[in-house]
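Enquirer: Have a look at this fold, sequence not included:
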């Protein structure tokens, strides 16, 4: 069984698509999948949601992914002059745009992330969040760990919120988070999925 990631694509003031990856619901892998889309899709010059969806779909197809089976007929109607690859792999991204298709992909999710093209931010929920040191310690105790297995004072302090990353800061965020299991931003502690 994979660690399933679902990326929501938000643009033009609405959620326009979801993309399912079978093996990418790990904190830094999810951010890397996001970065690959942002860096390789001409999103800035997209003038409509349909144009952006098509550009993202073409990028997925270049990598081995493509249109979800449930949404294939809708894509053919929406883009009658286009053909879409049949031989696709869920590990490289399956895109859906219908409510049913997006709901089905979300059903399988074990990690969620949103690419917001309107705000040029990534909202990353592919981690566990603890609101305080006490909540973190209690969760560790409940999981059977000893009280002193993690010294909360030694958890790396970040200078950015790992749940909200601007597009321009993705490289730095990936580099900073890579290899960490725990980090903190102000009073919150984050347990990364590694």
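Expert: Everything's here; your move. Predicted model, so just to flag it, every value in this text is computed and none were measured.

Enquirer: which stretches of this structure have low pLDDT?
Expert: Scanning the chain for pLDDT under 70 picks out the ranges 1-2.

Enquirer: where along it do the strands fall?
Expert: 5-11, 14-21, 66-67, 94-96, 111-116, 121-124, 127-130, 164-166, 182-185, 188-192 (DSSP state E).

Enquirer: is it possible to export those to a markdown table including mean neighbour count?
Expert: All C-beta spots, glycine's among them, are computed from the backbone N, C-alpha and C. Formatted as a markdown table, the strands of the chain follow (neighbours: other C-beta atoms under 10 Å):
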| stretch | mean neighbour count |
| --- | --- |
| strand 5-11 | 22 |
| strand 14-21 | 22 |
| strand 66-67 | 25 |
| strand 94-96 | 26 |
| strand 111-116 | 21 |
| strand 121-124 | 20 |
| strand 127-130 | 17 |
| strand 164-166 | 17 |
| strand 182-185 | 18 |
| strand 188-192 | 20 |
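
Enquirer: Let me have the ones you listed in CSV, adding distance to residue 143 as columns.
Expert: Converted to CSV, the strands of the chain look like this (distance: least, C-beta to C-beta, whole Å):
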stretch, distance to residue 143
strand 5-11, 23
strand 14-21, 27
strand 66-67, 39
strand 94-96, 33
strand 111-116, 19
strand 121-124, 23
strand 127-130, 11
strand 164-166, 27
strand 182-185, 13
strand 188-192, 11
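
Enquirer: which one of the ones you listed lies closest to residue 105?
Expert: strand 14-21 (4.2 Å; C-beta to C-beta).
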